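Student: Generate coordinates for the sequence data below:
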Amino acid sequence: MNRMTRPLPTSPTLPTSPTLPTLLTLLTLRPLPKTARLPRYATRLLGAALAAGAYVACLPWDLRNRPETAGSLHETTPVTPTGITLLAVSLVALAAYFGVRDRPVWTLLVVAAPPATLMYISFNTHPTQDAQAWPLAWAAFTLLFGAGALVVAVAARRLTRATK
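Tutor: Below is the predicted model of the structure:
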């Protein structure tokens, strides 16, 4: 037989459409504690950067804040309800992701610590006023960030385990 008349080798056929279990297997991500160190910490750093970026993007940092009137505790601010809502949604999504993939303590450090740190820096750089209410506001928001991240992480983890 010469090369021209020999039948061509056949290739194995691929399924035309993946099945649902195949898609779920592809989309399921391994828990971070079971991955290698570099991808584990890179994922955590990326999550922290996303949390900090969400804070900066949703709550603009205006160093020109000034009292509305002389002696007023209220300042002019670029913070809007839409920004607060977008920040909450993005932090909840990150907390759910890391709640499924990582331990709750790491979720707290990755999702809640960067916005709390940026808020502390923002509040601390404001000029001194007669009555400084920022330490109390910072503590309350830090507690809110931390408790929210932990609750969402634990709920996402339990929901994932219940569906398996």
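
Student: Which parts of this protein are helices?
Tutor: Secondary structure of the chain (DSSP state H): helices at 20-27, 37-58, 81-101, 104-107, 113-124, 134-163.

Student: The shortest one - contacts with which helices or strands?
Tutor: Spelled out, that is helix 104-107. Identification of packing neighbours for helix 104-107 by 3 or more Cβ pairs under 8 Å, 6 or more residues apart in numbering; DSSP states H and E yields helix 81-101, helix 134-163. The way it works is simple: take the backbone N, C-alpha and C, and place the C-beta from them, glycine included.

Student: Is it possible to get CSV of those that adds mean pLDDT, distance to His126 and mean neighbour count?
Tutor: CSV is the format used below for those (pLDDT from 0 to 100; distance: least, Cβ to Cβ, whole Å; neighbours: other Cβ atoms under 10 Å):
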stretch, mean pLDDT, distance to His126, mean neighbour count
helix 81-101, 94, 18, 18
helix 134-163, 92, 7, 15
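
Student: and these as a markdown table, adding distance to Val56?
Tutor: Formatted as a markdown table, the entries for the helices and strands packed on helix 104-107 read as follows, by distance: least, Cβ to Cβ, whole Å:
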| stretch | distance to Val56 |
| --- | --- |
| helix 81-101 | 10 |
| helix 134-163 | 15 |
